[in-house]
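# Next one to model:
(chains A, B, C and D)
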There are 2 protein chains.
Amino acid sequence: MPISDAESVVMDVLWRRAPLSADDVVAALAASTDWQEPTIKTLLNRLLKKRAIAAERDGKRYLYRPLLKRADYVHSESKSLLDRLFDGRVAPLVAHFSERRKLSKKDLTELKRLIEELDHDA
Amino acid sequence: MPISDAESVVMDVLWRRAPLSADDVVAALAASTDWQEPTIKTLLNRLLKKRAIAAERDGKRYLYRPLLKRADYVHSESKSLLDRLFDGRVAPLVAHFSERRKLSKKDLTELKRLIEELDHDA
DNA sequence: GTATTTCAATTACAGACGTAATTGGAAGCG
DNA sequence: CGCTTCCAATTACGTCTGTAATTGAAATAC
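As a prediction, this is how the structure comes out:
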């Protein structure tokens, strides 16, 4: 079961720090969203149902923590984009951004370093 | 207005060849999907409403062609993924796939060539 | 010119999603 | 013990999406 955009915002909080109570999550999201508390509770419950997080009782309230790993989520999202738009490969995406001149100096240096490294241990 | 997954499948057909009649699109999708004709008509109409395509009368039927450019669609989808998951930059995505050993030989050669080229004319 | 065919336009409908209000139950206060 | 308070659980509701059936209008065939 895929997790939705709004749900992934909640996941982000839990990936950063967990376990957290519902109130902790609400507090963490107060800065970046204007979601009401019940909204966030709903999202937590949907994530529970999807087995993306787990809840453990802590006295009267629950503490939530991720089951889904961020890296796995990132990977499935990225892979699905690559598959849909770039023939499943990374290079065409980089080429696209290069054509649009959307590669920063930082990107360039980093890519160079990466490739050298890969060449090195290949 | 963003276009949905199913809608983008229809766009793919029109990006490949246009203008096409509704029946042409149905025929083109018969191989890859099992959508019924009314389904595809609905998607065409939603795309029209979203101004992603235009229709021009051709006798009794319409011919459809893209208004939204594929490169623009690809870019907005990719950018939104990068922004959400990779701090808006390309290199961290490449790094992610590299860590997962999901860079093919082909990707490697292509990336190397790309970077050389960029270095060259920088 | 009526019957049939061919399209397009309208309507339908269940599930997901974003957003939230309301209800219910347990825990603490007086 | 009954009242309030604090959570969590349930219910709500409009929109979008995927999928399609039904209706309507124009053209064609007899």
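# Domain-wise, how is chain A divided?
The record's domain parsing of chain A by automatic domain parsing lists A:5-66, A:89-122.
# Quick check: which of those domains is nearest to chain B?
Counting by Cβ to the nearest Cβ, chain B lies closest to domain A:89-122 out of the domains of chain A; the figure is 3.7 Å. Every residue, glycine included, has its C-beta placed from N, CA and C.
# between the domains of chain A, which gets nearest to DNA strand C?
Nearest to DNA strand C, of all these, is domain A:5-66, at 3.2 Å by Cβ to the nearest atom of the strand.
# mind checking how far that closest one is from the chain centre?
14 Å (Cα atoms, centre = their mean, to the nearest Å).
# On the pLDDT front, check the nearest residue to residue A:35 once chain neighbours are set aside for me.
Counting by Cβ to Cβ, 6 or more residues apart in numbering or on different chains, the nearest residue to residue A:35 once its immediate chain neighbours are dropped is residue A:29, at 6.0 Å. Here, the pLDDT recorded for residue A:29 equals 94.
# Residue A:1: what's its closest spatial neighbour, skipping adjacent residues?
residue A:50 (4.4 Å).
# do residue A:25 as well
Of all residues not flanking residue A:25 in the chain, residue A:13 sits nearest, at 5.3 Å (Cβ to Cβ, 6+ apart).
# check contacts around the one you found.
A:20, A:25, A:28, A:29 (Cβ atoms under 8 Å, 6 or more residues apart in numbering or on different chains).
# so which of the residues you listed comes closest to residue A:41?
residue A:25 (8.9 Å; Cβ to Cβ).
# can you pull the buried residues of the helix or strand harbouring that closest one?
Following DSSP states H and E, one finds residue A:25 within helix A:22-30. In terms of neighbour count (16 or more other Cβ atoms under 10 Å in any protein chain shown), helix A:22-30 has its buried residues at A:22, A:24, A:25, A:26, A:28, A:29.
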